[in-house]
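Trainee: give me a 3D structure for the following:
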Amino acid sequence: MSSFPALLHTMPLPEDLGRALCVITGASKGFGRAVAQAVAGLVTPGSVLVLAARSGDELRALQAELDQPGPGRAGQAGVRTEVVVADVTRTEGLERIVQTSKEAFSESIEHIILVNNAGSLGDVSRYTKSFTDMAEVDSYLSLNVSSSLCLTARVLEAFPPNPGRRCTVINVSSLCALQPFPSWVLYCTGKAAREMMFKVLAEEEPDVRVLNYSPGPLDTAMQVEARSNTADPNIKKSFSDMFAKGQLLTCEESCAKLMKLLLEDTYTSGAHIDIYDL
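Mentor: Numbering: from 1, shown residues only. A predicted model of the protein is given here:
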């Protein structure tokens, strides 16, 4: 496991995120996995992590890793982990996540944290004019937009904020929520829609802390896909150059900045904050 305490030691911060119930989608790999590892060391005893993804084997491997005793690990901190193998595009998948969260909840929980991380790049090998199949587009939007809206609504319904309990909702966003990338029409559309969704939530629910966090160009499987399959030559070259020049970020580096934001808790609710803003 990466040493998140080492990454955070240089930052004067509050010590923890409290006794939390933290739900993380897309937790089995990449940035979602890094978030789970980081949160495990920053919540207090009695907390629960609900880790959701479609890959059961990877989730259970992460659970076993987190449950081991050691500095910055859930086992050391008295934190329980629950895994939910679920397809968030299906109603039963969302129900399974919320039901597991309800069963894990106790009245001693003082902070509900939802990290909407699950998502996909989509087909970046084609341009906008080729997307004539409505079913294909609907399928993409179901995973990348509808699921995060419906899960967020279900979590807020199950755990409404009250004076004794904080609630934080995080959307893993992207520069693509703000800027158009040729041949990335699905990804840009999905990220832009999610961004606005959570900005609206921030306006509607002043007692909920909402953050759109853009983690930057991460060294993940999605980045490999981007630099391999992107149709637009300029975008493809940009990602290839970042990789060749060692300019990609590790998930741990970016996640440490996200944890800093959450610990300080001074951001404007609903704001879009890019890692390069920090």
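
Trainee: going forward, measure contacts and count neighbours with C-alpha atoms only.
Mentor: Noted.

Trainee: where does residue 268 fall, secondary structure wise?
Mentor: Using DSSP states H and E, residue 268 sits in no helix or strand.

Trainee: pLDDT score assigned to it?
Mentor: Residue-level confidence at residue 268 comes out at 98, pLDDT.

Trainee: contacting residues around it?
Mentor: With contact set as C-alpha atoms under 8 Å, 6 or more residues apart in numbering, residue 268 has no partners.

Trainee: what about it, distance to residue 211?
Mentor: 8 Å (C-alpha to C-alpha, to the nearest Å).

Trainee: before we move on, what about residue 90?
Mentor: Separation of residue 90 from residue 211 (C-alpha to C-alpha) stands at 25 Å.

Trainee: and what of residue 271?
Mentor: 6 Å.

Trainee: same deal with residue 225?
Mentor: Distance from residue 225 to residue 211, counting by C-alpha to C-alpha: 27 Å.

Trainee: settle it for me: which of those two has more neighbours?
Mentor: residue 211 (28 against 15; other C-alpha atoms under 10 Å).

Trainee: off-centre distance for the helix or strand hosting that one?
Mentor: Counting by DSSP H and E, the element that carries residue 211 is strand 209-214. Here the centre of strand 209-214 is set off from its chain's centre by 10 Å, with C-alpha atoms, centre = their mean, to the nearest Å.

Trainee: what packs against that strand?
Mentor: Here strand 209-214 touches strand 166-172, helix 185-204, strand 271-274, going by 3 or more C-alpha pairs under 8 Å, 6 or more residues apart in numbering; DSSP states H and E.

Trainee: nearest to residue 234, out of the ones you listed?
Mentor: Residue 234 lies closest to helix 185-204 among the helices and strands packed on strand 209-214, at 15.1 Å (C-alpha to C-alpha).

Trainee: give me the contacts around that closest one.
Mentor: For helix 185-204, the external contacting residues (C-alpha under 8 Å, 6+ apart) are 120-124, 127-128, 137, 140-141, 144-145, 148-149, 171, 173-174, 176-181, 208-212, 269-272.

Trainee: out of these, which are buried?
Mentor: The neighbour count (16 or more other C-alpha atoms under 10 Å) marks 121-124, 127, 140-141, 144-145, 148-149, 171, 173-174, 176-177, 181, 208-212, 269-272 as buried among these.

Trainee: what's the first helix or strand after the helix or strand hosting residue 238?
Mentor: Taking DSSP H and E as the criterion, residue 238 maps to helix 233-244. With elements assigned by DSSP H and E, the helix or strand that comes after helix 233-244 is helix 251-264.

Trainee: pLDDT on that following helix, on average?
Mentor: Helix 251-264 comes out with an average pLDDT of 97.

Trainee: so which bits of it are buried?
Mentor: Buried residues in helix 251-264, counted by 16+ other C-alpha under 10 Å: 251-263.

Trainee: counting contacts, what elements does that helix pack onto?
Mentor: With contacts defined as 3+ C-alpha pairs under 8 Å, 6+ apart, helix 251-264 has these neighbours: helix 4-8, helix 30-40.
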